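*Asks:* Sharing a model that was predicted from the sequence below.
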Amino acid sequence: MTQTTPPGWHPDPGHSGIGPAQERWWDGSRWTDQLRIPPATVRRRRIRIGAGVAAGVVLLAAVGGGAYVLGDSSDDRTDTTADAPSDPSGPSGSPRLPGTPDGGGQDGGQGEIPDQQMPQTEDGYATDLASGISIPVPDGWTGQSGPIGAGLTTGEYACPGDESQKCVRGGVFSAPAQALEVEATTAKAAAEGDIETNAEESYGEKIYGGITSHEQLKSEAVTVAGQKGYRVRWKVVTKNGDDGYVESLAFPSPRSAETLVVVRSGFDVNDKAPKLSVLDDITEGIKKASAAAGSGQDT
């Protein structure tokens, strides 16, 4: 250990090997409690896809009951640990939630996720390994696990504003707050700060012609996976197609209190869409991911 190494982000010496490698902030004399997923791991590439998502290479970027947006993620790093940073020229910067720019016209990075970072399939659940949670998959829904992000969808159909795109009647997706560029330090601030983005990306201009108005249905504290969280739920009115319900739920990861998790949900207002009670059931069923979830293949 050296006391002269300048402050900066460095590989977390306490990384357990479960989930993507994280970086911990070294303040120049000691390790702090601040953790982040390396920005290189949280690359984004916005694409619209149908229900068939390539297992294991998906990072949630945005979600909705209508169109949902996913991005590829890759991890080029080799997991390393150390007692203290020893290379002053290594990764550094001020403590912050990292942004994830769109890569200057590049795809944002494609690659294979090492097997040891693939979540192990757990019957009836979709696992978000980075967030440390498993989300129950209702009967008739499709669940997708991932190293960064997890999702559930049901009721695929052609989007009203662009029939070449695929929409879903109901969608529930999770990711670490920093992967969604939600800059907040509390669950309440994260949920309140994310709901408008969630609404726009779920039922916005390109697919539904835009949102003409919204009504707030819920803004309340809620316990999720044993953690004190917060949710905000809106009903949005669109120009084209169905209106929708959107919800942003935020809570500390049950695996790491320093990591905020955001769960975005969107349900069409339509007789063919799931009832809102299903969303409440899903929220109540979210749990801490199994400690064994660190290997295996997704389905």
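*Replies:* Received it, and whenever you're ready, just let me know what you need.
*Asks:* where in the stretch 51-200 of the chain is pLDDT low?
*Replies:* 51-121 (pLDDT under 70).
*Asks:* Next, Ile133: phi, psi?
*Replies:* Main-chain torsions, Ile133, degrees, to the nearest 10: phi -130, psi 160.
*Asks:* Hmm, Ser253 and it touching each other?
*Replies:* Yes - contact criterion C-beta atoms under 8 Å: Ile133 and Ser253 qualify, at 7.0 Å. For every residue, glycine as well, the C-beta is placed using N, CA and C.
*Asks:* the more surrounded of the two?
*Replies:* Set Ile133 next to Ser253 and count neighbours by other C-beta atoms under 10 Å: Ile133 wins out with 26 against 23.
*Asks:* The more buried one: what's it in contact with?
*Replies:* With contacts defined as C-beta atoms under 8 Å, 6 or more residues apart in numbering, Ile133 is in contact with 127, 150, 174, 225, 253-254, 261, 286-289.
*Asks:* Now do it against Gly204, distance only.
*Replies:* 27 Å (C-beta to C-beta, to the nearest Å).
*Asks:* end to end, how far does stretch 12-24 reach?
*Replies:* Using C-alpha to C-alpha, to the nearest Å, one end of stretch 12-24 lies 5 Å from the other.
*Asks:* picking that back up, can you tell me which of the contacts of Ile133 comes closest to Gln34?
*Replies:* Nearest to Gln34 among the contacts of Ile133 is Ser253, at 14.0 Å by C-beta to C-beta.
*Asks:* Just to check, the closest one is in contact with Asp128?
*Replies:* No - contact status for Ser253 versus Asp128: not in contact, 9.2 Å apart, counting by C-beta under 8 Å.
*Asks:* Give me the common contacts of these two.
*Replies:* With C-beta under 8 Å, 6+ apart as the test, Ser253 and Asp128 both reach Val261.
*Asks:* re earlier: dump the contacts of Ile133 to JSON lines, plus secondary structure.
*Replies:* Listed next are these as JSON lines, based on DSSP: H, G, I helix; E, B strand; the rest coil:
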{"residue": "Thr127", "secondary structure": "strand"}
{"residue": "Ala150", "secondary structure": "strand"}
{"residue": "Ser174", "secondary structure": "strand"}
{"residue": "Ala225", "secondary structure": "coil"}
{"residue": "Ser253", "secondary structure": "coil"}
{"residue": "Pro254", "secondary structure": "coil"}
{"residue": "Val261", "secondary structure": "strand"}
{"residue": "Ile286", "secondary structure": "coil"}
{"residue": "Lys287", "secondary structure": "strand"}
{"residue": "Lys288", "secondary structure": "strand"}
{"residue": "Ala289", "secondary structure": "coil"}
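*Asks:* could you pull out the helices for the stretch 101-250 of the chain?
*Replies:* Here the stretch 101-250 of the chain has its helices, by DSSP state H, counting those that start in this stretch, at 187-203, 205-208.
*Asks:* could you dump the ones you listed to CSV with mean neighbour count and distance to Gly170?
*Replies:* Putting the helices of the stretch 101-250 of the chain into CSV (neighbours: other C-beta atoms under 10 Å; distance: least, C-beta to C-beta, whole Å) gives the following:
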stretch, mean neighbour count, distance to Gly170
helix 187-203, 23, 11
helix 205-208, 19, 15
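*Asks:* Format these as JSON lines; extra columns: distance to Gly8.
*Replies:* As requested, the helices of the stretch 101-250 of the chain are exported to JSON lines (distance: least, C-beta to C-beta, whole Å):
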{"stretch": "helix 187-203", "distance to Gly8": "25"}
{"stretch": "helix 205-208", "distance to Gly8": "39"}
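*Asks:* Compare those helices and give me the one nearest Phe267.
*Replies:* Smallest distance to Phe267 across the helices of the stretch 101-250 of the chain (C-beta to C-beta): 9.6 Å, for helix 187-203.
*Asks:* residues contacting Ser265?
*Replies:* 63, 65, 170-173, 245-249, 279, 282.
*Asks:* Where does it sit: helix, strand or coil?
*Replies:* Recorded secondary structure, Ser265: strand (three-state DSSP).
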